[in-house]
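Visitor: Just to be clear, the model below is a prediction. Sequence and coordinates:
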Amino acid sequence: MLSDPEQCLRLSPPLHRKALNLLSVYHLVGGLPEVVACWVREQDLAAVATRHRDLLATYRDDFNKYRERVSPELLRRVLESVPRQLGTKFVYRGMQLTLVRFVCALDGRPEGAERE
């Protein structure tokens, strides 16, 4: 059915509801292997949310590894800007300064060097 779009339009209501439910779960679980394994093992969205939080905490903890090249605070701000922009039109101007500082830091250039 999925290979023929016209067949998809003729899904029975129960099958359509099931497909929408599975799509919702897919959106909530995401595609990170650890989180998917958690979902398969436990079928519990609360456990999935806990795993998402744990992974984000691990990412934030890793920011300190790069302290010599880029500010952990800058990395945190870039990471946290992503969810705020989901579902909205991306406005580059709102992130421009943060991204420029991030790139300069990765390149080892001081702030303000982006104008050169």
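Guide: Looks like it came in fine. Numbering: from 1, shown residues only.
Visitor: What are the structural domain limits within this structure?
Guide: For the chain, the structural domains run 1-66, 68-116, going by automatic domain parsing.
Visitor: The first one: how far from the chain's middle?
Guide: Between the centre of domain 1-66 and the centre of its chain there are 12 Å (C-alpha atoms, centre = their mean, to the nearest Å).
Visitor: Helices of the chain, residue ranges please.
Guide: Assigned by DSSP state H, the chain shows helices spanning 5-8, 13-29, 33-42, 45-62, 72-85, 92-107.
Visitor: got CSV for the ones you listed, with mean pLDDT and mean neighbour count too?
Guide: All C-beta atoms are positioned from the backbone trio N, CA, C, and that covers glycine. Below are the helices of the chain laid out as CSV (pLDDT from 0 to 100; neighbours: other C-beta atoms under 10 Å):
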stretch, mean pLDDT, mean neighbour count
helix 5-8, 71, 10
helix 13-29, 91, 11
helix 33-42, 96, 13
helix 45-62, 94, 13
helix 72-85, 82, 13
helix 92-107, 62, 14
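Visitor: ok, Pro13 to Ala19 distance?
Guide: Per C-beta to C-beta, to the nearest Å, Pro13 is found 11 Å from Ala19.
Visitor: again with Lys89
Guide: Lys89 is 29 Å from Ala19, by C-beta to C-beta.
Visitor: what do you get for Ala37?
Guide: Applying C-beta to C-beta to Ala37 and Ala19 gives a distance of 23 Å.
Visitor: again with Glu68
Guide: Here the criterion is C-beta to C-beta. By it, Glu68 lies 49 Å from Ala19.
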